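Asker: this one's sequence-less:
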């Protein structure tokens with residue numbers, strides 16, 4: 001994430017995190033709704049969906065939610081998108097534990113892509129060092145997401161859902177993970193060029209009433 005955005009966020013860092021997470025304004029609510037709709041479109045229509053595999057850009061709206069809104073709102077966005085998408089445009093059986101993974105991903109993106117950069121902005125003044133640190137954060141986030149959530153946890157839920165051996169389920173998802181790791185990493189590195197422009201809009205009205 002670009003250093004200038006993290007700097008603009010600096011005046012909000014004195015507000016307790018729990019207040020920042022639970023407060024909401026109209027722009028944020030509208031953004032969450034739009035990201036839910038975009039998630040459903042990308043995940044259900046813009047991805048390769050098989051019984052145990054989903055390859056596409058369905059993760060991008062939740063990444064945006066994490067960068068702009070933080071972990072709580074990103075988790076809510078992910079949960080709502082997953083449930084509504086599964087009910088309206090099912091690509092398989094609805095299985096609530098799969099929504100747990102979506103929620104955890106929202107939390108991960110919010111912490112790593114919003115609050116970690118805010119801390120980095122406080123301790124790193126050199127833009128080049130900041131950019132290198134940001135690339136490291138993106139790499140760590142991508143690997144944790146794809147290996148811990150995509151490979152281990154999601155494979156476990158799918159093995160329960162379909163009654164398949166856990167190790168066999170993991171093996172069947174190796175190709176998906178191998179494709180998504182570089183894709184997600186590149187998206188995370190460069191997406192702030194968009195979210196930097198949206199951040200002022202989301203802060204322009206009073207917080208939730």
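Answerer: Thanks, I have the structure now. The structure presented is a predicted model; accordingly, all values stated were derived computationally and were not measured. Numbering: from 1, shown residues only.
Asker: Would you agree residue 46 falls within a helix?
Answerer: No: read with DSSP: H, G, I helix; E, B strand; the rest coil, residue 46 is coil and lies in no helix.
Asker: isn't it right next to residue 60, touching?
Answerer: No: Residue 46 lies out of contact with residue 60 (Cβ atoms under 8 Å); the separation is 9.8 Å. From N, CA and C alone the C-beta is placed, and that goes for glycine too.
Asker: out of these two, which sits in the busier spot?
Answerer: residue 60 (20 against 14; other Cβ atoms under 10 Å).
Asker: pLDDT score assigned to the closest residue in space to the more buried one that isn't next to it in sequence?
Answerer: Of all residues not flanking residue 60 in the chain, residue 187 sits nearest, at 6.1 Å (Cβ to Cβ, 6 or more residues apart in numbering). pLDDT, residue 187: 97.
Asker: Tell me the buried residues in the host helix or strand of residue 129?
Answerer: Secondary structure assignment for residue 129, by DSSP states H and E: helix 127-143. For helix 127-143, the neighbour count (16 or more other Cβ atoms under 10 Å) marks 130, 133-134, 137-138, 141-142 as buried.
Asker: Also stretch 148-159?
Answerer: Using 16+ other Cβ under 10 Å as the test for burial, stretch 148-159 gives 149-151, 153-155, 157-159.
Asker: Ok, stretch 39-50 next?
Answerer: Per 16+ other Cβ under 10 Å, stretch 39-50 contains these buried residues: 39-44, 47, 49.
Asker: Mind checking which of these are in helices?
Answerer: If you go by DSSP state H, those have 39-44 in helices.
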